[in-house]
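*Asks:* have a look at this prediction, sequence included:
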Amino acid sequence: MLSSHDLKLAAARAAIDLIEPYLLPGVVIGVGTGSTADLFIDGLGVHQDRFRGAVASSERSAARLRGHGIEVLDLNAVDAMPVYVDGADEINAKLQMIKGGGGALTREKIVASVAERFICIADESKLVAQLGSFPLPVEVIPMACAAVARALARLGGKPVLRAGFVTDNGNEILDVSGLGILDACLLESTINNLPGVVTNGLFALRPADVALLATQNGVRRL
Ligand code: 5RP
């Protein structure tokens, strides 16, 4: 019986195999955040001399990349990125995701938006029929926190401030449970349009292109 860690490692290794053809001089890889992304970074470290470097979606991932001798580039210095590899808190059959359990959702969405392909790596427990059991993270400018919380409650959610947590951008996170997410694209746009919201953890307007989901019987590709 493979452990949760073993499954994450299998997904991370499958992603390394998938992106290996892109690991060429001059190429920059987009890298996500979380325990699965950490294992992907460790796998990337073995190949650090084959590509130019990486753009990280968090200070945590940047530090881990540097620890492997991988150059971390500012996104403003990068014109193109063939792939972005990251985990997810939930993913559905359309490859729409909830992300941001680690609080890095805004930078994740920005880096992913520049990449040609989003590769999601996760264990199969993250695959759901309907998004929303995992509370949706919403990054909020601190002065707007109460106003945004009231607006999210009007949308049917139960927002809870992630206590003692500040994002890499200096903002707060509201974790919103109870949202019946039937139309993920509509909800993503609606929440993003609330004044004071930086972004929310729905990745539906721009879903993943490939999901590598580790199971007890091997890695499943969606
Ligand atoms: C961080 C994220 C992560 O991808 C998500 O929380 C999954 O993390 P893990 O790989 O540790 O399960 O969105 O903001």
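*Replies:* Received it, and whenever you're ready, just let me know what you need.
*Asks:* domain-wise, how is the chain divided?
*Replies:* Following automatic domain parsing, one finds the domains of the chain at 4-128+206-221, 136-200.
*Asks:* which one of those is the most hemmed in?
*Replies:* Among the domains of the chain, domain 4-128+206-221 has the highest mean neighbour count (mean count of other CB atoms under 10 Å), at a mean of 20. Bear in mind the C-beta positions are built from the backbone N, C-alpha and C, glycine included.
*Asks:* could you dump the helix ranked longest in the chain to PDB, C-alpha only?
*Replies:* Counting by DSSP state H, the longest helix found in the chain is helix 4-19. Output of helix 4-19 as PDB, limited to C-alpha atoms (Å, rounded to 0.1, in the frame of the first residue of the first chain):
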ATOM      1  CA  SER A   4       0.300   9.600   0.500                       C
ATOM      2  CA  HIS A   5       3.900  10.700   0.200                       C
ATOM      3  CA  ASP A   6       4.700   7.800  -2.200                       C
ATOM      4  CA  LEU A   7       1.800   8.800  -4.400                       C
ATOM      5  CA  LYS A   8       2.900  12.400  -4.500                       C
ATOM      6  CA  LEU A   9       6.400  11.300  -5.400                       C
ATOM      7  CA  ALA A  10       5.000   9.100  -8.200                       C
ATOM      8  CA  ALA A  11       3.100  12.100  -9.700                       C
ATOM      9  CA  ALA A  12       6.100  14.300  -9.400                       C
ATOM     10  CA  ARG A  13       8.300  11.800 -11.100                       C
ATOM     11  CA  ALA A  14       5.800  11.300 -13.900                       C
ATOM     12  CA  ALA A  15       5.900  15.100 -14.400                       C
ATOM     13  CA  ILE A  16       9.700  15.000 -14.700                       C
ATOM     14  CA  ASP A  17       9.400  12.300 -17.400                       C
ATOM     15  CA  LEU A  18       6.800  14.300 -19.200                       C
ATOM     16  CA  ILE A  19       8.700  17.600 -19.300                       C
END
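*Asks:* model confidence over it, on average?
*Replies:* Averaging pLDDT along helix 4-19 yields 98.
*Asks:* one more: stretch 83-102?
*Replies:* 98.
*Asks:* is the ligand contacted by that stretch?
*Replies:* Yes: using CB under 6 Å from any ligand atom, stretch 83-102 reaches the ligand at 86, 87, 88, 89, 99, 100, 101, 102.
*Asks:* okay, how far is it across that stretch, tip to tip?
*Replies:* Using CA to CA, to the nearest Å, the end-to-end distance of stretch 83-102 comes to 21 Å.
*Asks:* now it: how far from the chain's centre is it?
*Replies:* Relative to the chain's own centre, stretch 83-102 is displaced by 5 Å; criterion: CA atoms, centre = their mean, to the nearest Å.
*Asks:* thanks a lot, catch you later.
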